[in-house]
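J.: Just need the structure, nothing else, for what follows:
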Amino acid sequence: MADKKLAIIATKGTLDWAYPPFILASTGAALGYEVSVFFTFYGLQLLRKKLNLKVSPLGNPGMPMPMGMDKWFPVLGTAIPGMESMMTAMMKNKIKQKGVASIEELRSLCIEADVKLIGCQMTIDLFDFQRDELLDEIDLGGAATFFEFAGESDVSLFI
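T.: Now for the predicted structure:
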C-alpha cells in the first residue's frame, strides 16, 4: 500500500477540463501515491467508453484565443453557432501538434497505474446513464464511498 493518498473529485465534462484530473491522477500514481478519482455530475462524461468531448469557449475568459481574438473578439461572440465546434477542432489540433496525450491515453495510463476511478451512482441515476456506456474498469459508488478514501488522503483536489 502507498504511503501517500491523493483524492480527486472531477466535476467537469469538457475536453479542456478532462485533462487536469487524468494528468494529476497519473502523475500522482507515478510518484507512488494511491489515487482515487470520483467523477460526479458532468465529470461522469469522462468515464464514457465513447468520448465526444468538446471545448466550450463561452464563459471561459481564461481560454487563449487564436489570432489575438481575446483582445478584440467580444465574449458574447463565442455564443455564435459553430464556435464550439471551431474551438474544439482548434484545441484538438493544438493538442496533436504539441504531442500531448489524448484523454483516452491518459485514462488508460490511469487504469494501468491502478488509479481507482469511481463513477457517482447518484449522477448515473439522475442523468439516466446505462452501465454499459461506461468503462468496464470503473467502480460505482456514492459520496460516502469516496469519503472513506478522501477522509484519509494527504491531498484532496476538487476539479
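
J.: For the nearest residue to Thr11 once chain neighbours are set aside, give me the pLDDT.
T.: Spatial nearest neighbour of Thr11, excluding adjacent residues (C-beta to C-beta, 6 or more residues apart in numbering): Gly43 at 4.6 Å. All C-beta atoms are positioned from the backbone trio N, CA, C, and that covers glycine. Predicted confidence (pLDDT) for Gly43: 97.

J.: Could you tell me which residues make contact with Gly43?
T.: Ile9, Ala10, Thr11, Lys12, Gly13, Trp17, Pro21, Ile159 (C-beta atoms under 8 Å, 6 or more residues apart in numbering).

J.: rerun at 7 Å
T.: When contacts are counted by C-beta atoms under 7 Å, 6 or more residues apart in numbering, Gly43 touches Ala10, Thr11, Lys12, Gly13.

J.: what separates the last one from Tyr42, distance-wise?
T.: Meaning Gly13. 4 Å (C-beta to C-beta, to the nearest Å).

J.: same check, this time on Asp154
T.: Asp154 sits 27 Å away from Tyr42, taking C-beta to C-beta as the criterion.

J.: Just the mean pLDDT for stretch 127-144, thanks.
T.: So the average pLDDT for stretch 127-144 ends up being 96.

J.: Need the residues that contact that stretch.
T.: Defining contact as C-beta under 7 Å, 6+ apart, one finds that stretch 127-144 is touched by 44, 47-49, 111, 116-122, 124.

J.: hmm, which two among those are most spread apart?
T.: Ile111 and Met122 (23.1 Å; C-beta to C-beta).

J.: Which one's more surrounded, these two?
T.: Set side by side, Ile111 and Met122 show more neighbours around Ile111, with 16 against 13, by other C-beta atoms under 10 Å.

J.: Could you give me the buried positions within the helix or strand hosting the more buried one?
T.: Applying DSSP states H and E as the criterion places Ile111 in helix 103-112. By neighbour count on 16 or more other C-beta atoms under 10 Å, the buried set for helix 103-112 is Ile103, Leu106, Arg107, Ser108, Leu109, Cys110, Ile111.
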